[in-house]
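Enquirer: Curious how this folds, go ahead:
(one chain, ligands or ions: 1)
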Amino acid sequence: MSQLDFLSELGIDSDNLGGYSSGWLGSGDNLESTTPVDGSTIASVKQCTTENYNSIVSNSKKVFRKWRMEPAPKRGEVVRLLGEEFRKYKEPLGKLISWEMGKIQAEGEGEVQEMIDITDFAVGLSRQLYGKTMHSERPLHRMYEQWHPLGNIGIITAFNFPGAVWAWNAMIAAVCGNTMVWKPSSKTPLTAVAIQKIVNRVMEPLGWDGVMNLMIGRGREVGDLMINDRSFPLVSATGSCDMGRKVGTAVSKRLGRSLLELGGNNAIIVMDDADIEMAMSAILFGAVGTTGQRCTSTRRIFLQKGIADKFTEKLTNTYKQVRIGNPLDSSTLMGPLVDTSARDTYVQAIETIKNEGGEILYGGNIIDGDGCFVEPTLVQANSEMSIVREETFAPILYIFSFDDLDSAIDMHNSVDQGLSSSIFTSNVSAMEEFLSHRGSDCGIANVNIGTSGAEIGGAFGGEKDTGGGREAGSDSWKVYMRRQTNTINWSSNLPLAQGIEFNLD
Ligand code: UN1
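Expert: Coordinates of the predicted model:
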């Protein structure tokens, strides 16, 4: 068996990727998908042009008029069938994700599991799109609010979760009655093609071709068209803070709605009384997992003075044992960075760290060869360093120490981003302090759990420069719908609210 057999399992023939009906093969120029494992080309995908954009969007808008008439639980049934299909392809799809962007296979399959989980969530949700009923101040009047589909939704996703983030948006948007156009990262077009093939296999026989559409193309071309297009009432975008500023500005200029899930600068506070083994494992997964390329990756740790030295020494020893290599090899813990430009960014960051007086305790080097491999890196940092305030999408972890919890929380909250955070402690007061209104300022705050690897059931997203959006679980669905307040008068009078009398005589 060849290592790349998962491609044929997914129906991917690199020379013939499939039809145009649902978008992905445009008539523009080719986009090469390469693997960061050795730089080789996996496939070449034709990108969408402005013309292709127009036809995908107009078809999606047309299908919306039909899809919104399908009762929500029936839409849920379609999503349930998608979930069944994702289950069948968990392994090959997980492998393709690994091969195309570099995360290890266990994490690739974990990502597909998130796709499955969100379909289950959305199926249940399809029978729970509840609106409230209010008591009217007027007699024999009924007042309530209901939720209607928004329309045709734009979904822009990043390379680091090339399937799951689309699924969080797509499954919820679909049960809410929306159609959608997905613009994936240009670094992971093949994963998007494989997913669209699965979608088509389920949707086409049901007559629902065109509910979920894929549009592979340049950000500066089709992405720009989408964010400026009034026909997209909502654009959900995941990526860097800079990208989010661009999307947010363009969408709000036309008074559209955006859902932004942007960069994080996530930290873990470890108190003297913490379970050290547990904290160590969480930090390792958070900082080294996905080669430091999750928006929830752990980038900073704050160690209380009593344990700081010992903890740092132990962590350094743990880092030495991280096995780096082919992400499809089951013994590998850390695969490559996504591409050579990510590797260049890592090199520049190491340079800046040194210039700013950071002490590299471990790592700091790239690993020679055709792949984009680097060493996981530990840095003894100081608060004067400016680079610690930035999100460098690489496995670089900054270590700080602190005396008391108040000062740790101050340092923790001093950055611009506000996605995920956690504290390791066995002290109930410290836990509650961290979770209180004067504690962590992030959208996600955990106790004795790391910063990454959130479950889909909770609303996912962050504050400040992370963009304020919420995706996946809880009541995130509301952003994919429009709320309508209805008042029905079933009396034979017309009393006005606020007791106003407005008569001619
Ligand atoms: C992201 O990196 O954009 O919480 C999403 C986590 C994953 C999702 C990360 N469930 O780490």
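Enquirer: Can you give me the neighbour number for residue 40?
Expert: Residue 40 sits with 11 neighbouring residues when counted by other C-beta atoms under 10 Å. Quick note: C-beta positions are derived from backbone N, CA and C, even for glycine.
Enquirer: Check residue 331 too.
Expert: When neighbours are counted by other C-beta under 10 Å, residue 331 comes out with 8.
Enquirer: Kindly check the end-to-end length of stretch 400-414 for me.
Expert: 13 Å (C-alpha to C-alpha, to the nearest Å).
Enquirer: swap that for stretch 388-396, please
Expert: 10 Å.
Enquirer: Buried ones in it, by neighbour count?
Expert: 388, 390, 391, 392, 393, 394, 395, 396 (16 or more other C-beta atoms under 10 Å).
Enquirer: pLDDT on the helix or strand containing residue 66, on average?
Expert: Using DSSP states H and E, residue 66 sits within helix 50-67. Across helix 50-67, pLDDT averages out at 96.
Enquirer: from the buried residues of stretch 388-396, which is closest to the ligand?
Expert: residue 393 (9.8 Å; C-beta to the nearest ligand atom).
Enquirer: Distance of the closest one relative to residue 208?
Expert: Using C-beta to C-beta, to the nearest Å, we find residue 393 at a distance of 36 Å from residue 208.
Enquirer: how distant is stretch 158-171 from the center of its chain?
Expert: Relative to its parent chain, stretch 158-171 has a centroid offset of 6 Å by C-alpha atoms, centre = their mean, to the nearest Å.
Enquirer: so what's the nearest residue to residue 271 once chain neighbours are set aside up against?
Expert: Nearest residue to residue 271 in three dimensions, chain neighbours excluded: residue 425, at 3.9 Å (C-beta to C-beta, 6 or more residues apart in numbering). By C-beta atoms under 8 Å, 6 or more residues apart in numbering, the residues touching residue 425 are 269, 270, 271, 273, 274, 431, 434, 447, 448.
Enquirer: now do 6 Å
Expert: Shown in contact with residue 425 (C-beta atoms under 6 Å, 6 or more residues apart in numbering): 271, 273, 274, 431.
Enquirer: number of nearby residues for the first one?
Expert: Neighbouring residues of residue 271 were enumerated by other C-beta under 10 Å; the total is 23.
Enquirer: Backbone dihedrals for it, please?
Expert: phi -90, psi 160 (degrees, to the nearest 10).
Enquirer: just the third one next, same as before
Expert: Dihedral angles of residue 274 (phi, psi; degrees, to the nearest 10) stand at phi -70, psi 160.
Enquirer: Could you measure from it over to residue 376?
Expert: Plainly put, residue 274 is 22 Å away from residue 376 if you go by C-beta to C-beta.
Enquirer: Same question for the second one.
Expert: Taken as C-beta to C-beta, the spacing of residue 273 relative to residue 376 amounts to 27 Å.
Enquirer: Neighbour count for those two, which is higher?
Expert: residue 376 (23 against 14).
Enquirer: surely the more buried one meets residue 322?
Expert: Yes. Between residue 376 and residue 322 a contact is recorded at 5.4 Å, counting by C-beta atoms under 6 Å.
Enquirer: show me where pLDDT drops low in this protein?
Expert: 1, 15-16, 18-23 (pLDDT under 70).
Enquirer: which bits of it sit near the ligand?
Expert: Counting by C-beta under 6 Å from any ligand atom, the chain comes close to the ligand at 114, 160, 161, 165, 238, 294, 295, 296, 452, 453, 454.
Enquirer: What is the burial count for residue 73?
Expert: With other C-beta under 10 Å as criterion, residue 73 counts 14.
Enquirer: what's the overlap in contacts for residue 376 and residue 322?
Expert: Shared contacts of residue 376 and residue 322, counting by C-beta under 6 Å, 6+ apart, come down to residue 288.
Enquirer: Assign the closest residue to residue 30 other than its chain neighbours to helix, strand or coil.
Expert: Distance criterion C-beta to C-beta, 6+ apart; nearest residue to residue 30, sequence neighbours excluded, is residue 44 at 4.6 Å. Counting by DSSP: H, G, I helix; E, B strand; the rest coil, the backbone at residue 44 sits in strand.
Enquirer: Who does residue 44 form a beta bridge with?
Expert: Listed by DSSP bridges, the beta-bridge partners for residue 44 are residue 32.
Enquirer: you'd agree residue 287 is up against residue 299?
Expert: No. Look at residue 287 against residue 299 with C-beta under 6 Å: they stay out of range, at 7.3 Å.
Enquirer: What ranges does the stretch 401-505 of the chain have for its strands?
Expert: Listed in chain order, the strands of the stretch 401-505 of the chain (DSSP state E, counting those that start in this stretch) span 417-418, 420-424, 444-447, 459-460, 463-464, 471-472, 481-489.
Enquirer: quick one on the thing from earlier: name the residue in residue 287 and residue 299 with the higher neighbour count.
Expert: Using other C-beta under 10 Å as the criterion, residue 287 and residue 299 rank with residue 287 on top: 31 against 27.
Enquirer: in which helix or strand would I find the more buried one?
Expert: helix 276-288.
Enquirer: For that helix, what is the distance to the chain centroid?
Expert: 21 Å.
Enquirer: now the angle between strand 420-424 and it, please.
Expert: 160 degrees (axes from the mean of the first three to the mean of the last three C-alpha atoms, to 10 degrees).
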